[in-house]
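1. Sequence plus the predicted model coming up.
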Protein chains: 2
Amino acid sequence: MDLDKARQELMALQRKMAAYGHAMGLIYYDGCTGAPKDTAENRAVTLSILSEEVYRLSTGDETVALLEFLDEHKDELDQAEQRMVHLLLKEIRDMKKIPIDEYIAFQELLVRADDVWHTAKETSDFELFRPLLEELFATTRKFALYIEPDRDPYDHCLNDYEEGLTQKACDAFFSKLRSEIVPLLKEVAEHPQVDDSIRFGDFPEDKQEELAYYLMELIGLDLGHVGLSTTEHPFTTSFGSHFDERITTHYHRDDFVCSMYSVVHEGGHALYDTGSADELAYTVLDGGVSMSIHESQSRFYENIIGRSRSFCRLVFPKLQELFPEQMAGHDAEEFYHAVNKAQPSLIRTEADELTYSLHIMIRYELEKKVMAGELEVKDLPQEWNRMYKEYLGVDVPDDKHGVLQDSHWASGLIGYFPSYALGNAYGAQFLAKMKESVDVDGCIGRGDFGPVNDWNRERIWKHGSMYKPVELLERVMQGKFDPDYYIEYLRSKIADVYGL
Amino acid sequence: MDLDKARQELMALQRKMAAYGHAMGLIYYDGCTGAPKDTAENRAVTLSILSEEVYRLSTGDETVALLEFLDEHKDELDQAEQRMVHLLLKEIRDMKKIPIDEYIAFQELLVRADDVWHTAKETSDFELFRPLLEELFATTRKFALYIEPDRDPYDHCLNDYEEGLTQKACDAFFSKLRSEIVPLLKEVAEHPQVDDSIRFGDFPEDKQEELAYYLMELIGLDLGHVGLSTTEHPFTTSFGSHFDERITTHYHRDDFVCSMYSVVHEGGHALYDTGSADELAYTVLDGGVSMSIHESQSRFYENIIGRSRSFCRLVFPKLQELFPEQMAGHDAEEFYHAVNKAQPSLIRTEADELTYSLHIMIRYELEKKVMAGELEVKDLPQEWNRMYKEYLGVDVPDDKHGVLQDSHWASGLIGYFPSYALGNAYGAQFLAKMKESVDVDGCIGRGDFGPVNDWNRERIWKHGSMYKPVELLERVMQGKFDPDYYIEYLRSKIADVYGL
């Protein structure tokens, strides 16, 4: 084989994979947005066929021969090509360990599970979802053992979303977090609670949508390449390349803050994805490198920027313009306090910064136990409710507000949740570093996101998946990850909001 | 090869083609509906790759060997399988005559053309669209000659949408129509014109959307399988099978009648598609057999049913409920007259039944001349405007309201337009036949679409593409196609509306 031709074929292979990714991603997205309600079966038929095509393309003899040839000549490849070959070979070697019929059956299961989960959540009917969730956990476990027979299956899952992450590392991180958060929460409980009535009322969807577009433009998204739609559970996705990105939100008519911060959160994901260097488009290096780096960006914009006093002051006039009656008699300082109210609650996506990680810890503990065979899926609701009482002190009224609230398991994302908590912690350390060269508060106060975005783009976004997460982190942090930055950040935020 | 295995492979092949069709159709649909505005190039990349995959799948040695084997054993196949093999072989043999790089380039051209046409129409800038339109006509001509070197290229195009149709047949049909319509129009002009002020005013989009869903349910569409969205130019499409159908509309805030009848029109297409027998799903026999039979159904629901006095009376109370102020002081009889006003105008999709065919004739004559090399694309706007003056007596103010109004050419649909006029004429003959066994006016008056839909389903819809269009027509009509039914229908409608 000729090396130059092989390099061209490497690019062609990735473009083909991106095309299938585009098609399958869009079919999923359509199912969450515009599709008529009884069409899930039809999508399952198509997705099962396309995923079989992808499987054959990825694991076919021609592809394997190409990649192995390139791997043998890796010293003659540039750094990006080396990384592409490494990532593709790893994925293919993993994939080849899964029998094709089981792989296809799993793709079909994902479509059905997502469909059933929607209904189950709506009707708060865990029993409806249970058989699918059992199959999802069982298959995830089985696949983990196919790929790494000698590794703990849940460690394998964690590693899928964050290269190198283990239960041991999570246990240490979470136990440190918990030991800091619990006393802080106790202190908060002893102080007068924040009045957050400003967020509640009647906020028409069209005005909330106007706010969403305003925020997307404000934080620097290019609306020519980033779309907004509504779904049950907000998410971000890209189609084929970072040139076509979509975020979604969910409007709650009685509380505009939910969608508002959801848009800033998903907007952070979209900034990261669309910030990939253009030459990475249609390759496996396009878009974010890991879930926790992704969450570090989304939660950086949502919380560190979005819930800062400067940001609240910046956007308050827009809120007054869109909701003149509802905002009458309120001011930016009240809004700042309202969106930073720390209070144990039921729903993860609506949790404040302080209690958020406790929601994650519960999911982590439950996944760990189910994957280890120490907890049966049928007992998940009961255990969920017990842990919410223990960790957060709240009573779960039904499974809709409990174990059925998140879409992750229905989408097969087991091992994903810890990324959120890690992302929070990374973001706080990034902020400290950023402040060495950028007047963050000053920029936000002026509505000038340029310097903040440029800092992130240069250090994080443009690299796509070029570096391993840990490499990228240490380049950005110019040192090791240290959760103390996050704990310090939380402490000073809570001190400010509650006047501790 | 084993025959039973070959039969199974025939079904698997068609499912695979349906899956690609689903993916590519959805990517196109997304481009017209939710996609951010600068993402066309990204879709073009994906579509070019997927169409290459389809090309290779369809024309690959394995597929050809399978179909030729089945063709040799056709006496042992059932009727449906025989028809599948016939249609697939024909398509593949045609396709193989087009060099793959030209085929792929054409798919890319279609994506670009559609994108540029949108902008060109918006800004009324024909010059922007001209180079793409030249390429579209040139490629259509070239492909026609690849496939049938000895046939007139435009006859080939006509045949693509209606098996057996020729310019000779169109010329005869259109000349007869024109000789009947022109004197009728003259008579109308000599009578007092109908007052159609009822349709104009301020009609909020959300109310028009409510009306759209009401109409979809009224005419018998299953909303669990048929979705509604908005696009610049309304159309109907299905994804993978008739189990997932979408129609689109365009709301004009100042005139609710446009979207109202557009929804009934597209709803007719959707009734036809979704009426295919379920066992035809995921095969080439699923959905309508030809464009003119399709238009016979869409225009049957839009005009013959939708603009009948019974239908106008049936829906008027809903109009009063949705638009109480706008409908105050008006009645159903006024509405019936307003939606049947016959008057030469600029826009085909908004034309009345009487002048509609004149719009089609102009497009037919222009396509014929460009395909024959007798007219250059650059001269299309001028010739368009000249013919509108000659045929309809109207002055075209700009290309947005002239040559750029329809999406067909931008989508590569050259030779499609005559289907509309033929469809009108078929529908009138179907109506005469239907009335022999169904009390059509009585059913519509009661809002009971069951007997009408059952008649169409049994005779037309359920067969999908099982029969050739002409076979299907003659089964339904129990005789030959006769345009006099249509002329008689127009005469009596005009006589009723204008009291001639």
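-> Done, it's in. Residues are numbered from 1 along each chain as shown, chains lettered A, B, ... in the order given.
2. angle of the helix or strand where A:E217 lies against helix B:205-218?
-> Taking DSSP states H and E as the definition, one finds A:E217 inside helix A:205-218. Counting by axes from the mean of the first three to the mean of the last three C-alpha atoms, to 10 degrees, helix A:205-218 lies at 120 degrees to helix B:205-218.
3. just so I have it, where are all the helices in the stretch 51-200 of chain A?
-> Assigned helices in the stretch 51-200 of chain A, in chain order: A:61-72, A:79-96, A:100-123, A:126-147, A:153-161, A:167-189 (criterion: DSSP state H, counting those that start in this stretch).
4. how about these, which one is nearest B:L215?
-> Closest to B:L215 of the helices of the stretch 51-200 of chain A is helix A:100-123 (C-beta to C-beta; 27.2 Å). In short, each C-beta sits where N, CA and C put it, glycine included.
5. Could you list every helix and strand that that closest one packs against?
-> helix A:3-32, helix A:40-59, helix A:126-147 (3 or more C-beta pairs under 8 Å, 6 or more residues apart in numbering or on different chains; DSSP states H and E).
6. Need the three-state assignment for A:S465.
-> coil (DSSP: H, G, I helix; E, B strand; the rest coil).
7. For it, list the residues it contacts.
-> Applying C-beta atoms under 8 Å, 6 or more residues apart in numbering or on different chains to A:S465 gives the contacts A:83, A:87, A:280, A:284-289.
8. Name the nearest of those residues relative to chain B.
-> A:D286 (11.4 Å; C-beta to the nearest C-beta).
9. Quick one: residues contacting the closest residue to A:G415 other than its chain neighbours.
-> Among residues not flanking A:G415 along the chain, A:C157 sits closest, at 3.0 Å (C-beta to C-beta, 6 or more residues apart in numbering or on different chains). Taking C-beta under 8 Å, 6+ apart, we find A:C157 in contact with A:140, A:144, A:367, A:371, A:414-415.
10. For A:D255, list each beta-bridge partner.
-> A:D255 has these beta-bridge partners by DSSP bridges: A:F200.
11. Could you list the domains of chain A?
-> Following automatic domain parsing, one gets these domains for chain A: A:3-150, A:167-498.
12. Show me what from the stretch 201-350 of chain A comes close to chain B.
-> By C-beta under 8 Å from any C-beta of the partner chain, the part of the stretch 201-350 of chain A that sits against chain B consists of A:222-227, A:229, A:239-241, A:243-246, A:282.
13. how close does the residue in the stretch 251-400 of chain A that chain B sits nearest to get to A:L13?
-> Checking the stretch 251-400 of chain A residue by residue against chain B with C-beta to the nearest C-beta singles out A:Y282 as nearest, at 6.8 Å. When distances are taken as C-beta to C-beta, to the nearest Å, A:Y282 and A:L13 turn out to be 10 Å apart.
14. more neighbours, those two?
-> For A:Y282 against A:L13, the residue with the higher neighbour count under other C-beta atoms under 10 Å in any protein chain shown is A:Y282, and the figures read 25 against 20.
15. So the more buried one, which state does it fall into?
-> Three-state assignment for A:Y282 (three-state DSSP): coil.
16. In contact with A:R56, which residues?
-> The neighbourhood of A:R56, defined by C-beta under 8 Å, 6+ apart, consists of A:I100.
17. check contacts around the residue of the stretch 251-400 of chain A closest to chain B.
-> Under the contact definition (C-beta under 8 Å, 6+ apart), the residues listed for A:Y282 are A:11, A:14-15, A:18, A:240-241, B:45.
18. just A:I219 next, same as before
-> Shown here is A:I219, whose contacts under the criterion C-beta under 8 Å, 6+ apart are A:264, A:267-268, A:271, A:301, A:305, A:449, A:453.
19. Identify the residue nearest the geometric centre of chain A.
-> With distances taken as C-alpha atoms, centre = their mean, A:E295 lies nearest the centre of chain A, 5.2 Å away.
20. wait, that residue sits on A:Y416?
-> No: here A:E295 lies out of contact with A:Y416, judged by C-beta atoms under 8 Å, at a distance of 9.3 Å.
21. wait, doesn't A:H337 sit right on A:V497?
-> Yes: A:H337 sits in contact with A:V497 when judged by C-beta under 8 Å, with a separation of 6.0 Å.
22. after the helix holding A:E217, next one along is what?
-> If you walk from helix A:205-218 toward the C-terminus, the next helix or strand you reach (DSSP H and E) is strand A:226-230.
23. That following strand to helix A:3-32, inter-axis angle?
-> Per the same axes, to 10 degrees, the angle that strand A:226-230 makes with helix A:3-32 is 30 degrees.
24. Of the residues of the stretch 201-350 of chain A next to chain B, which pair is most distant in space?
-> Taking every pair in these and measuring C-beta to C-beta, the maximum separation is 23.5 Å, between A:S229 and A:Y282.
25. what are the ranges of the helices in the stretch 251-400 of chain A?
-> A:256-274, A:291-299, A:309-322, A:324-327, A:332-338, A:353-371, A:380-387.
26. Flag every buried residue along the third one.
-> Of the residues in helix A:309-322, those buried by neighbour count under the rule 16 or more other C-beta atoms under 10 Å in any protein chain shown are A:309-316, A:319-320, A:322.
27. swap in stretch A:278-293?
-> A:280-293.
28. measure A:D398 to B:I444 for me?
-> 47 Å.
29. Am I right that A:T237 is in a strand?
-> Yes: in this structure, A:T237 lies within a strand as judged by three-state DSSP.
30. For it, report the pLDDT, please.
-> The model reports A:T237 with a pLDDT of 97.
31. The residue of the stretch 401-500 of chain A found nearest chain B: what's it in contact with?
-> Among residues of the stretch 401-500 of chain A, the one nearest chain B by C-beta to the nearest C-beta turns out to be A:G464. It sits 16.1 Å away. With contacts taken as C-beta under 8 Å, 6+ apart, A:G464 has the following neighbours: A:276-277, A:280, A:285-289.
32. need those residues in TSV with distance to B:D125 and pLDDT, can you?
-> As requested, the contacts of A:G464 are exported to TSV (distance: C-beta to C-beta, whole Å; pLDDT from 0 to 100):
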residue	distance to B:D125	pLDDT
A:S276	33	98
A:A277	34	98
A:L280	34	97
A:L285	39	98
A:D286	34	98
A:G287	36	95
A:G288	39	94
A:V289	43	93
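33. how about a markdown table for the residues you listed, with distance to A:I181 added?
-> Converted to a markdown table, the contacts of A:G464 look like this (distance: C-beta to C-beta, whole Å):
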| residue | distance to A:I181 |
| --- | --- |
| A:S276 | 34 |
| A:A277 | 38 |
| A:L280 | 38 |
| A:L285 | 36 |
| A:D286 | 36 |
| A:G287 | 32 |
| A:G288 | 27 |
| A:V289 | 28 |
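34. Thanks again, I'm all set now.
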